[in-house]
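Visitor: sharing a model that was predicted from the sequence below.
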Amino acid sequence: MSSMDSMRLQAAIRLIRQCKTTEEERSSVKIISAQLRKGFADAKPYIRVRYMLILLYIRMLGYPTEFAHMEVLKLLSQSDFSGIRIGYLSLQLLFNEDHELLTLVENRMLAHLSINGSCQSNSYEQLCLIGISLNASANIASEDMCRDLLDSILRLFQNSPQQLRSKAALAALRVVRKVPDQAGYILEHCTDLFDGNNESLMCVLTLVIECLQSDAGANMIGTFRKHAMGAVRVLKGLVLSSRITEEDVSGITDPFLQAKLLHFMRIIGAGSEVTSEALNDVLAQVITNTDATHNVGSAVLYECVRTINAIESDGGLRTLAVNTISRFLSSVKDNNLRFVGLQTLLTYSSKDFDAVVQHQAIILECLRDTDLSIRRRALDLTVTLITANNVRLLVPDLIAYMSLCSEEMKSDVARHICDVIDTHYPSEMWRVDYSIRFLKVAKQFAPLDFARRLLVVLLSQTKDVQTRAVEALWEEASCPFDGRHHARKAFLMVALWCIGEYVELLLDAVKGLTGADVATCLSSLTTNTTFTLIKQYGLTALMKVATKCPDAKPQAMATFASNMTSMDCELQQRACEYTSLLVDFPQEAVFSFSQMPAIAPKTEAVKPVEVVTLTEMQLLQETTNILDDLFNFDGASKPALPPPTRDSSSTMVALSSQAGSLFSACCDAPPVSQRAPSNANTFDDLFGNSNAVSVPAACESPPVADTSIKSEVASPKGSRGVTGVCAFNCSDFKVLLSGRMEGSIIFADLVVQSNLNEAVEQLSFSVATLRMCTVEVAPLPSTMMPYGVATQQLKVDNTQNTANPRTLTLRVRISYAVHGAPREQMFEVSQTL
C-alpha cells in the first residue's frame, strides 16, 4: 500500500483477503493499522471517513482498534452528515455502555436530539440525523445517559413523524430497562396509544408493555384499561381484514402486531372482570378466524390462548382455548409446536383441570415421542392430571412406560411414580401392590427412601396385606440370581426385609416351601449381591429366618461363617454377633428377632410457640406481680404480691414469649395436656400461650417461698437427707431449694422428692428468671425417678442485678407423667441468700 490517501475500503478488503495464511493476514492488518494511526493525525474530513470504514472492517475481523476511539468523537463533531453518520455507526460498534469516553458523546447526542423533528422545514438529512441519534441511544446509552436524554426522547416521541416516533419508542424502551423507576413517567406520555395509524403502534405497544410489567409502572395498569376498546378495534380490524399488505405473513395480517396486542390485553385484562368481558368476543374471533396450518398462525393462536388463560374469561372460551392448543399436539412436522402445546396445557391444568383431562389420550401418546424434551413435558403433564379418581388407570400406564422409556428418562419417571403412589393411593392394598410392581421394574432408578417408606407402611397393615406382599416379593426374589437382581438395590432391600420378617406368613401361603429353601434363597442373594447394604439386610433376614425355622439354621450359620472374615467391619461384626446369639443364646435370639410392632406416626414433641403482643397498659402496669410480667400474666385475676424492694420492681421487664428468649436454658419437655383454668393463682402458659393450661394439679401451694436458705428439712422415707427450703409442696411431690453464692454467681439445686408409690416418668424442668439475669439448666441424669428423688442443678448469673444481687428469683414448671398420663406443676420462688 503505497499511499494511504488512495486506499479505499474495497482495496483494503481485497488486500487482506489475498493473504494465504493467518500470519500474513496479521502482518497486513498491522501495516494497515499503523498507516491508519498515522493518517488520522492530519487527514481531511472526507479522508477520515474513509479511514474509519477501513477501521470498522478491521474491527469486524477481531483485531484491536482502541487507538481510534478519539477519532469517533471527531467524526461526531463534523458538520457534514456523512461524517456524523459514520461516527454514530463507529460509536455503536466500537463502544459499549460502560466505556469511559461515552460521556463525551452525550452533549453531541443532546444537540442532535434537540432538533425539532415536527418542523416541516427540516431537511431529510436533519430527520435522518435525529433518527441515527435515537438509534445510538437505544443501543448503547448508559444509565446516566438515559436519565439525561429522557426528556428529549419523550419530546420526539410525542411530536414527531411516525418514523421518528417508532425510533423514540425504542429509545425510551432502553431507558425503561436501564432506569426502571422512570416507567411511570414514560407511561404518562403514552396517552394517545391507539390514535392514528398502525405504523408506529407496534413499537409503542412494546414500550407500554415493558413499562406496565415493571414495578414502577404496575400501578398504572388500571389507567390503561380504558384503552381496551381501542385495542379491540385494532385487533378486530387485523383479524377480519381482507386486504393484502406488506406486513402480511402467510395470509395472516401483521401477525407481529397481533401478538403485541394480545400481550397488551393479557396485562390489562388480568384481575378485571369488566375489561375481560370486553375482550372475550375479539379473542373468540381470533381463535376461529386464524389459520393454524402455518407457524405464523400457530404463534398468534398461542398468544391468544395465553391471554384467555390470564384474564377473567368465561368457561366456554377457556374450553375453546384448550381444544385449540390441544391440536398442537397432533402436529407431526413441528416438535416445537408440540412442546409449546404441552407447556400451555400444563399451565392451564391449574385453572381448568376438567378441560385438560379430556385430552389425556393424546398426552399419553406424547410419552412415546422421539424427542426427549417432549417426553419430559408430557410426563410432567401426565403426573399433574393424576387424581384419586384416575390413579388406578394412569399409574399402570406409567409403570409400563417405565420399562419402555429411554435411560435418561427413567429417573424422572421413577421420581414421579413414587410421588403419585405416596400421595394419591386409593387404598393401602393398592399402595403396597403397585409399590412392589414399581420396584420390580425400576431397578437402580428406584429411590431407597421410597423402599424404606414401604417397609413402614407394611408394618401397620393387616395379615392379608402382609401375606400378599411377601408372596409377591418371594415370587420375584426366588428367581435365579442374574443381571436383573444386580441392579435392584431397592427391591432387594424390601424383599430381604419382608421375607425375613414375615417368613411364617410366607411358609403358610406357599405350599411345599420350607425354611431351608428360604434360607438358601436369602443366602444366594446375600452372597451374590455387590451392595454392602443389601448384604447387611440379608444377614439380618437370615438371622430372623433361623430363629423362626430350625431347619434354616445350618444354611444361616454357613453364610455367617463366610462373612466373619469380610473386609467390611459392619458385615464382620454382624456375622460374629449373629453366630454367637444362635449358638450361645438361642432363647434371647428368638425374643430379639421376633416380629416388629407397627411404628407409630411422628408427633410433635413440643407444642408450637405462639407470638404474644403486649399492650401498652400491660407493659406499664405496676400493681401486678413482677413475675407475672415474665409470662404475660394478667394481674386482674389474682392479687398482686408485694415485691421485695422498689428497686427490684423497677428492674423487672417482660420476657419474650418465644421459648428461646424466655429461658436462658431449659430441658426438653414432653407434650402437655390441657386443664381447666382455676379461679385463683392461675398462671399463664410458660411459653406465653394464655389459652393453654395443663392437667389438674393434685394441690396448689403458695406461689412464693421467702424463708432462709439455711433451714433444713427432714428427708422422706427411703431417700437421702437433703437440706434446703421447701419451695413447693403438693400431693405428688415436694420441691426443696438449696444454694450457695460464689461472687455474683448462684449455684442452686431443686430437689424433687416424690410422694407417690408409682414411678414418675418423662420428668423435665423449664426455668425462667429475670431478663437481666441468665440461668443455665444442667441436663437431668434421667427423666425417671426410680428412687423417688431427682435433683435439678441451676447456675444463675446475677451480675446485672445490682439492686438485689443476693436474691434468687425463679419461675419453674415441672412436667412429668404418671402411668402415661401427663401432669404439670408450676410455682415461683424468690429467695435471698
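Guide: Sure thing, it's come through. Numbers count the residues shown, from 1 in each chain.

Visitor: domains for this protein, by residue range?
Guide: 428-592, 616-832 (automatic domain parsing).

Visitor: from the ones you listed, which stretch is densest packed?
Guide: domain 428-592 (a mean of 19; mean count of other CB atoms under 10 Å). C-betas here are computed from N, CA, C, even on glycine.

Visitor: picking up where we left off before, would you turn the domains of the chain into a markdown table with mean pLDDT and distance to Ser152?
Guide: Formatted as a markdown table, these follow (pLDDT from 0 to 100; distance: least, CB to CB, whole Å):
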| stretch | mean pLDDT | distance to Ser152 |
| --- | --- | --- |
| domain 428-592 | 91 | 62 |
| domain 616-832 | 62 | 56 |
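
Visitor: counting neighbours, which bits of the helix or strand encompassing Arg415 end up buried?
Guide: Element membership for Arg415, per DSSP states H and E: helix 407-424. Within helix 407-424, the residues that qualify as buried by neighbour count (16 or more other CB atoms under 10 Å) are Met409, Lys410, Asp412, Val413, Ala414, Arg415, His416, Ile417, Cys418, Val420, Ile421, His424.

Visitor: let me see the confidence value for the closest residue to the fourth one other than its chain neighbours.
Guide: Beyond its immediate neighbours in the sequence, the residue positioned closest to Val413 (CB to CB, 6 or more residues apart in numbering) is Met402, lying 5.1 Å away. The predicted local distance difference test score for Met402 is 88.

Visitor: run a quick neighbour tally on Met402.
Guide: Here the number of neighbours of Met402 (other CB atoms under 10 Å) works out to 22.

Visitor: other SSEs contacting the helix or strand harbouring it?
Guide: Per DSSP H and E: Met402 is located in helix 391-404. If contacts are counted by 3 or more CB pairs under 8 Å, 6 or more residues apart in numbering; DSSP states H and E, helix 391-404 sits against helix 372-384, helix 407-424, helix 428-442.

Visitor: for Gly39, find the nearest of those helices.
Guide: helix 372-384 (54.9 Å; CB to CB).

Visitor: between the closest one and helix 391-404, how big is the angle?
Guide: 160 degrees (axes from the mean of the first three to the mean of the last three CA atoms, to 10 degrees).

Visitor: need phi/psi at the residue nearest to Arg415 when sequence neighbours are not counted.
Guide: Excluding the flanking residues, the one nearest Arg415 by CB to CB, 6+ apart is Pro447, at 7.3 Å. With angles defined as degrees, to the nearest 10, Pro447 sits at phi -70, psi 140.

Visitor: what's in contact with the helix or strand harbouring Val752?
Guide: Using DSSP H and E, the element containing Val752 is strand 745-754. Residues outside strand 745-754 that contact it (CB atoms under 8 Å, 6 or more residues apart in numbering): 715-716, 719, 722, 724, 727, 732-741, 760, 763, 765, 785, 788-799, 808, 810, 812, 814, 833.

Visitor: circling back to that earlier point, check the offset of the helix holding Met402 from the chain's centre.
Guide: 28 Å (CA atoms, centre = their mean, to the nearest Å).

Visitor: next: stretch 289-300.
Guide: Mean C-alpha position of stretch 289-300 versus that of the full chain (CA atoms, centre = their mean) differs by 37 Å.

Visitor: for stretch 348-367, same thing?
Guide: On CA atoms, centre = their mean, the centre of stretch 348-367 falls 26 Å from the chain's centre.

Visitor: restricting to C-alpha, output it in PDB.
Guide: Taking C-alpha atoms only, stretch 348-367 is exported to PDB below (Å, rounded to 0.1, in the frame of the first residue of the first chain):
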ATOM      1  CA  TYR A 348     -54.000 -24.500  32.000                       C
ATOM      2  CA  SER A 349     -54.300 -27.600  34.200                       C
ATOM      3  CA  SER A 350     -54.300 -25.400  37.400                       C
ATOM      4  CA  LYS A 351     -57.400 -23.400  36.200                       C
ATOM      5  CA  ASP A 352     -59.400 -25.700  34.000                       C
ATOM      6  CA  PHE A 353     -58.500 -29.200  35.000                       C
ATOM      7  CA  ASP A 354     -61.500 -30.900  33.600                       C
ATOM      8  CA  ALA A 355     -61.000 -29.500  30.100                       C
ATOM      9  CA  VAL A 356     -57.300 -30.600  30.000                       C
ATOM     10  CA  VAL A 357     -58.200 -34.100  31.300                       C
ATOM     11  CA  GLN A 358     -60.300 -34.700  28.200                       C
ATOM     12  CA  HIS A 359     -57.200 -34.700  26.100                       C
ATOM     13  CA  GLN A 360     -55.500 -37.300  28.200                       C
ATOM     14  CA  ALA A 361     -55.100 -39.900  25.400                       C
ATOM     15  CA  ILE A 362     -53.100 -37.600  23.100                       C
ATOM     16  CA  ILE A 363     -51.000 -36.500  26.000                       C
ATOM     17  CA  LEU A 364     -50.100 -40.200  26.700                       C
ATOM     18  CA  GLU A 365     -49.100 -40.600  23.100                       C
ATOM     19  CA  CYS A 366     -46.600 -37.800  23.500                       C
ATOM     20  CA  LEU A 367     -44.800 -40.000  26.100                       C
END
